[in-house]
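A.B. asks: let me see the structure of the following:
(2 chains)
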Amino acid sequence: MSPMARATTTAATASALYDLPGPRTRQRHLAYGVLATLVIVGLIAWLLYLLFDTGQFTYTKWMPFQYEGIQELLLRGLGNTLKAFAIAAVLSLALGGVLAVGRLSDHAPVRWVATLIVEFFRAMPVLVMIFFIFVALKVQPLPALVAGLTLYNGSVLAEVFRSGVNSVDRGQREAAYALGMRKTQVMSYVLVPQAVRAMLPAIISQLVVALKDTSLGFLITYEEFLHAGKLIASNLDYDLPFIPVVMVISPIYIGMCMLLSWFANWVAKFERRSLKTEAVEVAPAETGTLLPGAGPPTAPKS
Amino acid sequence: MNVLVENFSLYGKGFLGTVELTVYASVLALVLGFVMASFRVAPVGSLRVFGTVWVTVLRNTPLTLLFFAVLLGLPRFGIVLPFQLFAVLALGCYTSAFICEALRSGINTVPRGQGEAARSLGMTFRQTLSTVVLPQAFRTVIPPVGSTLIALAKNSAIAGAFSVTELLGTYKTLNELGYNIIWTFVWIAVGYLIITLTISAIFNVLEKRYGVAR
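C.D. replies: Coordinates of the predicted model:
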């Protein structure tokens, strides 16, 4: 790599913290890197040693995962988790929409009520709401879980929607009103489409929170993924395979959430590219071209 | 009202339990979050990878699963600690990932020119960091850190379901004693509101005092 190229690549990642490293600093960093790698590898080795030492990889502990009944139990749990997530996601998007409309209303009482609801449910731990619905109102686990998640995530999403609508350039609203549109038309044709586009990453991130929080169903005996894991883990026939269960369940849970987070990041990156500057690649003027920038439109560069 | 007056000591115990959990876990989360943030901006590749993995995994782990793994899993390795300590560990590690991201984005908002200017004045790395970069970063991270700590206080409710003494757990005892369940929950809710509103008031004061519009 030429020094020039290295300078530009480092500058792209550099923050206010560091200068370009010189040869001695690079050597020092290399030494630190080797040392840190050794420590991390040591930690991992110690963890593996602990796992082997306490006999977590014995056949008996991993045997249950071969049985179809157990696999079905896990799959049913996963299905229940996804079911709760899907219902809660749809309902909280709807509730968020309603509450956002309330908060943006022209009528002061509607605005106050919506604000009160949103602020209250955002300040309450979601588990307290779930327990309240489950214990005090004596609701079945699934509706209780979904209701709690909907109230919390709906309130948060209402704030997301509201800030999205407010973040649309003021001229857009004024222009729409100037064209003689009513408020409903201004909202539905002009502001909301632009707001949703800008807010999509935040909305998906909130859905990740909802997905993570479905695991709270475990605490109110909803038969979701973690509950299935607990059933297997407390089985004496398999020598209480607790660690194996955690080792099977957590990658699946974390993987699902990471997939959704990754999707949110991808959408955010997709939104950040500017249509104005990247839709048309302006070709540099060459000898023989009559006008600069007359090249054919090409796909935007990432 | 009766529920609160007659069981004030029970509520008080639960309230203190939640406050303790919140304070200890906040301290752990702030320290760990700072360490992880410095790992993530370090010029050493393997530390950066470690920090990134820590943050990505913990941010995408459901807290219930983490509690499940820590409170019921660590004893299998022969690590036996009081449940409250386990709860602080789980909450602190989980929140440290969010604190780390808040701090890192705070450092990234400091314009690069600030660091360059400091270095061209001949400041050492330590001076640059402590007198130029970190004070500016500190101002921008107050609001996100505040909301993260509020989330931590709310998440501490999960510990109650794993039989750690805290506010939400008091409902079980009161329910068995035959008190009106709705009023029981109303006072629990008030307790949580007091805690979250206190944290947000503290951070409002901090922001008024140190914050800066950028």
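
A.B. asks: alpha carbons only for contacts and neighbour counts from here, please
C.D. replies: Noted.

A.B. asks: mind checking what secondary structure whatever residue of the stretch 201-302 of chain A ends up closest to chain B has?
C.D. replies: Nearest residue of the stretch 201-302 of chain A to chain B (Cα to the nearest Cα) works out as residue A:212 at 4.6 Å. Secondary structure assignment for residue A:212 (DSSP: H, G, I helix; E, B strand; the rest coil): helix.

A.B. asks: next, work out how far apart it and residue B:58 are.
C.D. replies: To residue B:58, residue A:212 is 11 Å away according to Cα to Cα, to the nearest Å.

A.B. asks: quick one: the residue nearest to the residue of the stretch 201-302 of chain A closest to chain B when sequence neighbours are not counted from residue A:130, how far?
C.D. replies: Nearest residue to residue A:212, sequence neighbours excluded (Cα to Cα, 6 or more residues apart in numbering or on different chains): residue B:62, at 4.6 Å. Residue B:62 sits at a distance of 16 Å from residue A:130 (criterion: Cα to Cα).

A.B. asks: with residue B:149 instead?
C.D. replies: Applying Cα to Cα, the value for residue B:149 to residue A:130 is 21 Å.

A.B. asks: same question, residue A:100
C.D. replies: 23 Å.

A.B. asks: now whichever residue of the stretch 51-200 of chain A sits closest to chain B. Nearest residue, chain neighbours left out?
C.D. replies: For the stretch 51-200 of chain A and chain B, the shortest gap (Cα to the nearest Cα) falls at residue A:125, measuring 4.6 Å. Excluding the flanking residues, the one nearest residue A:125 by Cα to Cα, 6+ apart is residue B:154, at 4.6 Å.

A.B. asks: which secondary structure element is home to residue 55?
C.D. replies: I'll assume chain A. Per DSSP states H and E, residue A:55 falls between elements, in no helix or strand.

A.B. asks: try again with chain B
C.D. replies: Here residue B:55 is assigned to helix B:45-59, by DSSP H and E.

A.B. asks: so which bits of stretch B:114-128 are buried?
C.D. replies: Under the neighbour-count criterion of 16 or more other Cα atoms under 10 Å in any protein chain shown, stretch B:114-128 has B:114, B:115, B:116, B:118, B:119, B:123, B:128 buried.

A.B. asks: is the helix or strand containing residue A:251 positioned near chain B?
C.D. replies: Assigned by DSSP H and E, residue A:251 falls within helix A:242-272. Yes: Helix A:242-272 lies within reach of chain B by Cα under 8 Å from any Cα of the partner chain, at A:242, A:243, A:246, A:250, A:253, A:254, A:255, A:257, A:258, A:261.

A.B. asks: same question for that helix, mean pLDDT?
C.D. replies: On average, the pLDDT along helix A:242-272 is 88.

A.B. asks: and that helix, how far from the chain's centre?
C.D. replies: 8 Å (Cα atoms, centre = their mean, to the nearest Å).

A.B. asks: what angle separates that helix from helix B:45-59?
C.D. replies: In terms of direction (axes from the mean of the first three to the mean of the last three Cα atoms, to 10 degrees), helix A:242-272 departs from helix B:45-59 by 100 degrees.

A.B. asks: distance of residue B:26 from residue B:63?
C.D. replies: For residue B:26, the distance to residue B:63 - Cα to Cα - is 15 Å.

A.B. asks: ok, now residue A:57?
C.D. replies: For residue A:57 relative to residue B:63 (Cα to Cα), the value is 26 Å.

A.B. asks: comparing these two, which residue is more hemmed in?
C.D. replies: residue B:63 (23 against 14; other Cα atoms under 10 Å in any protein chain shown).

A.B. asks: would you agree the more buried one is in contact with residue B:95?
C.D. replies: No: shown here, residue B:63 and residue B:95 do not form a contact pair, counting by Cα atoms under 8 Å, at 9.6 Å.

A.B. asks: related to what we said a few turns ago, so which helix or strand takes in the residue nearest to residue A:125?
C.D. replies: Going by DSSP H and E, residue B:154 is in helix B:134-155.

A.B. asks: does chain A have contacts with the next helix or strand after that helix?
C.D. replies: Counting by DSSP H and E, the element after helix B:134-155 in chain order, helix or strand, is helix B:157-161. Yes: applying Cα under 8 Å from any Cα, one finds helix B:157-161 touching chain A at B:157, B:158, B:161.

A.B. asks: turn those into TSV, including neighbour count.
C.D. replies: Formatted as TSV, these follow (neighbours: other Cα atoms under 10 Å in any protein chain shown):
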residue	neighbour count
B:157	24
B:158	24
B:161	20
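
A.B. asks: same list (the residues you listed) but as TSV, adding pLDDT.
C.D. replies: What follows is the residues of helix B:157-161 next to chain A, written out as TSV (pLDDT from 0 to 100):
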residue	pLDDT
B:157	90
B:158	90
B:161	83
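
A.B. asks: of the residues you listed, closest to residue A:265?
C.D. replies: Within these, the smallest distance to residue A:265 is 28.3 Å, found for residue B:158 (Cα to Cα).

A.B. asks: that closest one contacts residue A:126, doesn't it?
C.D. replies: No: contact criterion Cα under 8 Å: residue B:158 and residue A:126 do not qualify, at 9.5 Å.

A.B. asks: low pLDDT regions in the chain?
C.D. replies: With no chain named, the answer covers chain A. A:1-16, A:274-302 (pLDDT under 70).

A.B. asks: the chain in question should be chain B.
C.D. replies: B:1, B:212-214.

A.B. asks: surely residue A:199 and residue A:159 touch.
C.D. replies: No: taking contacts as Cα under 8 Å, residue A:199 lies outside contact range of residue A:159: 10.8 Å.

A.B. asks: how about residue B:182, nearest residue that isn't a chain neighbour?
C.D. replies: Nearest non-adjacent residue to residue B:182 (Cα to Cα, 6+ apart): residue A:136, at 6.1 Å.

A.B. asks: so for the longest helix belonging to chain B, what gets flagged as buried?
C.D. replies: The longest helix of chain B (DSSP state H) is helix B:8-40. Neighbour-count burial for helix B:8-40, with 16+ other Cα under 10 Å as criterion, is recorded at B:10-15, B:17-19, B:21-26, B:28-34, B:36-40.
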